[in-house]
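# Please find the sequence and the predicted model below.
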Amino acid sequence: MVQVWSELQSLHPISLSLLSILFVLFLIKLTRSRSGKLNLPPSPWKLPVIGNLHQLGILPHRSLQSLARKHGPLMLLHFGQSPTLIVSSVEGAKEILKTQDLNFSDRPRMNFQDRLVYANYHLAFSPYGEYWRQVRKVCVLQLLSQHRVNSFKSVRQEETDCMLNDIRKSISSGSPIVNLSDLIFSFTNDVTCRVTLGRKFGRDEGGKKFFKIIKEFMYFIGAFNIGDFIPSLAWINNFNGLNKRMDKNFEELESFLGGVIDEHIQDRKTRKFGSEGVEDFVDVLLGMEKDGSIGVPFAKDNIKALIMDMFLAATDTAAATMTWAMTELVRHPEILKEVQREVREVAKGKTTITEDDAAQMNYMKNVIKETLRVHTPGPLLIPHQSREDTKLQGYDVPAKTRVIVNAWAISRDPSIWENPDEFIPKRFENSSIDFKGNDYEYLPFGSGRRICPGIAFANPTMELPLANLLYHFDWTLPNGELPDVEEGLGIVAYKKSPLQVIATPYQI
Ligand code: HEM
């Protein structure tokens, strides 16, 4: 020490003052980094490079629920290089989706968006900002408002009749076992096709090809993609076949959607409205492209993205809910009997159940509510992202942190719900809890700025066919075997194996 001191004294005064400045700067940095140390939410132990990815499991909502039980309802995981906040409590969800909604209304960018030009124009994946605000407004006003939804009443009625006829045909051809999963998916897909594209694509080769394209696209959104978590390793997708598969799908999508738009442009030259006689969504969007009324740059690629949004958001979610509802009903014959009693009392003697009839079936509505609680179709909502540094329940959350709200775990939290894993539609009787985004213990459609804008569309699309299925047929199980409740992989929690049930016509 004495030697260091005497060497310092022998230094030139300029060097000495430089050294002092450096020393002071070092001290400032040290103090800053100590006082600026972030108080981050608890994290489970993580591995180098992949972080907590290995703990994600095949059904992430379930593995995240188990991790939250150990580490708490606010947890910071690292999926590769992406810090991700996992929220599994009512208080946390309320903070994200209400109190600090503006800060958490962004979306993280997904790797697939780099490979499909118009993926950047999606409503569901758009960052928070003027583009998102304007296209959301257009979608709500032109397709999803109560007024527009009512104008598609006849479409839902006709498609419900088609589904019932398919079942009758199957029975009269000697096959009373019907694949309800397929029938329900065709129903929601045909309804979405008609209101969005002006016509359905049927069950011929063309229609089947379209189903395949949509299903494949859904797969990319839900599939594990290394580029989403470790961008520097995105090149791996060139070798594992994912990029090739995406490119092929996107080419098919481009050709299909391009064809639909061209068809509409031709149609508009000869007719005022689309093939249904009502202006469909593509017609409306083409009109907006032409007159520039949307207020943000808007061209064919934007139209394609919004069409896709409607298919991705509307078809699988509603179909999954109805399939789960029927699955739970055949698993609980006493509940099935009770709901059929209500349906048959309300619609007594009628040959067709209308939406006005279905609207009076309160027990059936509770069956749908309970289905959305137990089998939340979007169990983790769509990931949100913070826009600025913030504090959350005493923890620091830096800007650009991904946020996953585990809505499924919250709706199965035993401290909130009695017997949370059991299917009990009666729990909603005399309860004010609803799915409109004000009750944070029950968030099947999310809440806040990014809440699902399709609630008004989804309701009658599920209630009408369900009421009709329950009214016109009795349902039993092939060999008396209960259907399983195993979930498939993907962003929508659907029933993995198809629901096969025996339909027996009910004598009105
Ligand atoms: C049972 C049916 C449905 C369920 C359970 C459901 C659920 C959800 C959920 C959980 C979100 C994400 C909310 C968030 O990020 O916080 C969402 C977003 C969205 N949903 Fe739905 N949805 C359903 C039906 C529909 C339908 C029928 C449509 C349209 C026809 C639709 C259109 C959308 C769109 C466009 C978004 C993105 C909103 C945005 O990012 O601003 N959904 N939905």
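That came through, no problem.
# can we go C-alpha only for contacts and neighbour counts from here?
Noted.
# and the residue most central in space within the chain, helix, strand or coil?
Among the residues of the chain, residue 378 comes closest to the average C-alpha position under CA atoms, centre = their mean, at 4.4 Å. Here residue 378 is recorded as coil under DSSP: H, G, I helix; E, B strand; the rest coil.
# where does the stretch 251-400 of the chain dip in pLDDT?
Low-confidence segments of the stretch 251-400 of the chain (pLDDT under 70): 270-278.
# thinking again about what came up before, residue contacts, the residue nearest to the centre of the chain?
Contacts here follow CA atoms under 8 Å, 6 or more residues apart in numbering; on that basis residue 378 touches 317, 407, 444, 445, 491, 492, 493.
# one more time with 7 Å, if that's ok
Contact analysis of residue 378 by CA atoms under 7 Å, 6 or more residues apart in numbering lists 444, 491, 492, 493.
# again with residue 410
Contacts of residue 410 by CA under 7 Å, 6+ apart are 88, 89, 90, 441.
# what's the closest non-adjacent residue to residue 383?
Nearest residue to residue 383, sequence neighbours excluded (CA to CA, 6 or more residues apart in numbering): residue 404, at 5.2 Å.
# Report the separation between residue 357 and residue 370.
Per CA to CA, to the nearest Å, residue 357 is found 20 Å from residue 370.
# Comparing those two, which residue is more hemmed in?
residue 370 (22 against 15; other CA atoms under 10 Å).
# element containing that one?
helix 362-374 (DSSP states H and E).
# Check residue 452 too.
Going by DSSP H and E, residue 452 is not in any helix or strand.
# so what pLDDT did it get?
With respect to pLDDT, residue 452 has a value of 98.
# And for it, the neighbour number?
Neighbour number of residue 452 under other CA under 10 Å is 19.
# Looks to me like residue 434 is in a helix.
No - with three-state DSSP as the criterion, residue 434 is assigned coil and is not in a helix.
# can you pick the most crowded of the contacts of residue 378?
Highest neighbour count within the contacts of residue 378: residue 444, with 28 neighbours (other CA under 10 Å).
# could you measure it against the ligand, distance?
Between residue 444 and the ligand the distance, using CA to the nearest ligand atom, to the nearest Å, works out to 5 Å.
# Make 17 the first number, not 1, from now on.
Will do, 17 is the new start, and the previous item becomes residue 460.
# can you pull the pLDDT of that residue?
Looking at residue 460, its pLDDT reads 98.
# SS state for it?
coil.
# related to what we said a few turns ago, which ones among the contacts of residue 426 map onto helices?
Secondary structure assignment by DSSP state H places residue 106 of the contacts of residue 426 in helices.
# want to throw the contacts of residue 426 into a markdown table with pLDDT?
A markdown table is the format used below for the contacts of residue 426 (pLDDT from 0 to 100):
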| residue | pLDDT |
| --- | --- |
| 104 | 98 |
| 105 | 98 |
| 106 | 98 |
| 457 | 98 |
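# Buried only: go through the contacts of residue 426 for me.
104, 105, 106, 457 (16 or more other CA atoms under 10 Å).
# list the buried ones in the helix or strand containing residue 299?
Residue 299 belongs to helix 297-307 when elements are defined using DSSP H and E. Neighbour counts over helix 297-307 (16+ other CA under 10 Å) mark 297, 298, 299, 300, 301, 302, 304, 305 as buried.
# what about the top helix by length along the chain and the ligand, touching?
When the chain is parsed with DSSP H, its longest helix is helix 316-347. Yes - judged by CA under 6 Å from any ligand atom, helix 316-347 comes into contact with the ligand through 325, 326, 329, 330, 333, 334, 337.
# What's the first helix or strand after that helix?
Taking DSSP H and E, what comes next after helix 316-347 is helix 349-362.
# Can you mark which positions in the following helix or strand past that following helix are buried?
Following helix 349-362 in sequence order, the next helix or strand is helix 371-375 (DSSP H and E). By neighbour count with 16+ other CA under 10 Å, helix 371-375 contains the buried residues 371, 374, 375.
# swap in stretch 170-181?
Buried residues in stretch 170-181 (16+ other CA under 10 Å): 171, 172, 173, 175, 176, 177, 179, 180.
# in terms of contact, does residue 405 touch residue 417 like I think?
No - look at residue 405 against residue 417 with CA atoms under 7 Å: they stay out of range, at 8.8 Å.
# So for these two, which sits in the more crowded spot?
When neighbours are counted by other CA under 10 Å, residue 405 and residue 417 differ, and residue 417 comes out ahead with 22 against 13.
# show me the residues around that one that make contact.
99, 100, 101, 401, 402.
# at 6 Å what do you get?
99, 100, 401, 402 (CA atoms under 6 Å, 6 or more residues apart in numbering).
# What of residue 97?
Residue 97 neighbours (CA under 6 Å, 6+ apart): 245, 246.
# can you tell me how far it sits from residue 248?
Look at residue 97 and residue 248: by CA to CA, they are 9 Å apart.
# hey, what's in contact with both of these two?
Common neighbours of residue 97 and residue 248 are not found (criterion: CA under 6 Å, 6+ apart).
# Close to the ligand: what parts of this structure are there?
Counting by CA under 6 Å from any ligand atom, the residues of the chain lying close to the ligand are 139-140, 325-326, 329-330, 333-334, 337, 393-394, 397-398, 460-463, 466-470, 473-474.
# if we can go back for a sec, among the contacts of residue 426, which one lies nearest to residue 124?
Proximity of the contacts of residue 426 to residue 124 (CA to CA) peaks at residue 104, which lies at 19.3 Å.
# Count the neighbours of residue 524 for me.
Going by other CA under 10 Å, the residues that sit close to residue 524 add up to 12.
# likewise residue 393?
Neighbourhood size, residue 393 [other CA under 10 Å]: 26.
# related to what we said a few turns ago, now the helix or strand the residue nearest to residue 399 falls within: mean pLDDT?
Using DSSP H and E, residue 420 sits within strand 418-421. Taken as a whole, strand 418-421 has a mean pLDDT of 97.
# Tell me how far that strand lies from the chain's centre.
Per CA atoms, centre = their mean, to the nearest Å, the displacement of strand 418-421 from the mean C-alpha position of its chain is 13 Å.
# Which strands or helices does it pack on?
Here strand 418-421 touches strand 98-103, strand 400-401, going by 3 or more CA pairs under 6 Å, 6 or more residues apart in numbering; DSSP states H and E.
# mind checking which of those strands is nearest residue 163?
Of all these, strand 400-401 comes closest under CA to CA, at 29.5 Å.
# just checking, next helix/strand downstream of that closest one?
In N-to-C order, the element after strand 400-401 by DSSP H and E is strand 406-408.
# quick one, what contacts residue 360?
Contact analysis of residue 360 by CA under 6 Å, 6+ apart lists residue 487.
# How many residues are close by residue 429?
Around residue 429 there are 19 residues (other CA under 10 Å).
# From the ligand, how far off is the residue nearest to it when sequence neighbours are not counted?
Nearest residue to residue 429, sequence neighbours excluded (CA to CA, 6+ apart): residue 436, at 6.5 Å. The gap separating residue 436 from the ligand is 18 Å, by CA to the nearest ligand atom.
# number of nearby residues for the nearest residue to residue 72 once chain neighbours are set aside?
Leaving aside its chain neighbours, residue 72 sits nearest to residue 79 (5.9 Å; criterion: CA to CA, 6+ apart). Residues lying near residue 79 (other CA under 10 Å) number 14.
# Tell me the pLDDT of residue 238.
For residue 238, the model assigns a pLDDT of 77.
# Check the gap between it and residue 81 for me.
Distance of residue 238 to residue 81, given as CA to CA: 18 Å.
# The two - which one has more neighbours?
Between residue 238 and residue 81, counting by other CA under 10 Å, residue 81 is the more crowded of the two (22 against 12).
# Which of the helices or strands spans the more buried one?
Secondary structure (DSSP H and E) places residue 81 in helix 76-87.
# Any idea how far that helix is from the middle of the chain?
With CA atoms, centre = their mean, you get 19 Å for helix 76-87.
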